[in-house]
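Peer 1: have a look at this prediction, sequence included:
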Amino acid sequence: MTGSEATASRVTALDQARLLLAQAKDRKSAQKSLLKAAAEAPSVARVQQALDTAGVDRELPTHPAVGELLAGASLRGGSVYSVRGSAALVMALMAGPSAEGAWCGVVGVPSFGAEAARGLGVDLERLVLVPDPGPEWLSVVAALVDALTVVVVRPPGEVTPGEASRLAARLRTRGAMLIAYGSWPGSEARFEIESNTWTGLGDGEGLLTARRATVAVTGRRAAVRARHELWLPAPDGTIRSTGTSEARPEEWADQIGAVG
């Protein structure tokens, strides 16, 4: 196969996203083309299935450990949450909605551990992976937001307020939730690992079995409102609170209601 033929036959992430949108606009006329697209790009067919299960509920199912970080509040559709320092915490945010039937997508994270995500409750049958979206990653994310309930993205660079604002409008329309690796302008809440301690190693031997982490939670328009101690993961592989926290639940709950 020549270089030009390889280029022509390659289905890019943005091609798949554009195909999804065209199919969603006219379901009946898209049935035959969808079957053809499924053979060429299986992820498109998986995203198409998600259109029938995506919802616009404002409150999303929330993993118990994440609920504790939010002082009892639920994750909110139409919002952005950002996470620094922990892939496990990203998976925990995904796990609540996924376990209740939501479709999830992960964009720009080639190292995403699908098996680890499954162990934390993410349903791999309703998971769409786009490891390398290319330079038009934001268009890919926007297309997936139209179909999925939860979209995880690792931006390749700094996200401008204008880009964040345009995507925020799309999130609110669909009731979808975005989880960003790293910073994101205007995020509803930011989770950052301030420190962590691994256990399981003896004197030069043994295996790492558990990680105890201090998670700082920052809400929009405010300074840090809470710090919690979490097992990420616990010795049994779960994510849960260690029972230690420095939080002000009343202020956090008021803030969640204020930002809408």
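Peer 2: Sure thing, it's come through. Numbers count the residues shown, from 1 in each chain.
Peer 1: for G219, list each beta-bridge partner.
Peer 2: Each beta-bridge partner of G219 is listed here, defined by DSSP bridges: A189.
Peer 1: so what's the residue count around it?
Peer 2: Neighbours of G219 under the rule other CB atoms under 10 Å: 23. Backbone N, C-alpha and C define where each C-beta goes, glycine included.
Peer 1: state the pLDDT value of it.
Peer 2: With respect to pLDDT, G219 has a value of 83.
Peer 1: is it in contact with A189, as I believe?
Peer 2: Yes - counting by CB atoms under 8 Å, G219 does reach A189; the two are 5.4 Å apart.
Peer 1: which strands and helices lie in contact with the helix or strand harbouring T173?
Peer 2: Using DSSP states H and E, T173 falls within helix 161-174. Secondary-structure packing of helix 161-174 (3 or more CB pairs under 8 Å, 6 or more residues apart in numbering; DSSP states H and E): strand 80-84, helix 137-145, strand 177-181.
Peer 1: ranges for the helices of the stretch 51-200 of the chain?
Peer 2: Taking DSSP state H, counting those that start in this stretch to define them, one finds helices in the stretch 51-200 of the chain at 64-69, 87-99, 114-119, 137-145, 161-174.
Peer 1: now mean neighbour count too, for those, in a markdown table please.
Peer 2: Conversion of the helices of the stretch 51-200 of the chain to a markdown table gives the following (neighbours: other CB atoms under 10 Å):
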| stretch | mean neighbour count |
| --- | --- |
| helix 64-69 | 21 |
| helix 87-99 | 24 |
| helix 114-119 | 15 |
| helix 137-145 | 23 |
| helix 161-174 | 15 |
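Peer 1: so where's the stretch 151-260 of the chain uncertain?
Peer 2: Judged by pLDDT under 70, the stretch 151-260 of the chain has its weakly predicted residues at 200-208, 221-225, 244-260.
Peer 1: correct me if wrong: R170 contacts A142.
Peer 2: Yes - under the criterion of CB under 8 Å, R170 lies in contact with A142, with a separation of 5.7 Å.
Peer 1: check contacts around T160.
Peer 2: The neighbours of T160, taking CB atoms under 8 Å, 6 or more residues apart in numbering as the test, are P185.
Peer 1: ugh, wrong one, I meant T199
Peer 2: T199 makes contact with 208-212, 235 under the criterion CB under 8 Å, 6+ apart.
Peer 1: G78 now?
Peer 2: Going by CB under 8 Å, 6+ apart, the list of residues near G78 reads 58, 168, 171-177.
Peer 1: out of the residues you listed, the closest to S74 would be?
Peer 2: For S74, the nearest member of those is R58. The distance, counting by CB to CB, is 8.7 Å.
Peer 1: gap between the closest residue in space to that closest one that isn't next to it in sequence and R174?
Peer 2: The spatial neighbour of R58 that comes closest, neighbours along the chain excluded (CB to CB, 6 or more residues apart in numbering), is G77 at 5.3 Å. Relative to R174, G77 is positioned 8 Å away (CB to CB, to the nearest Å).
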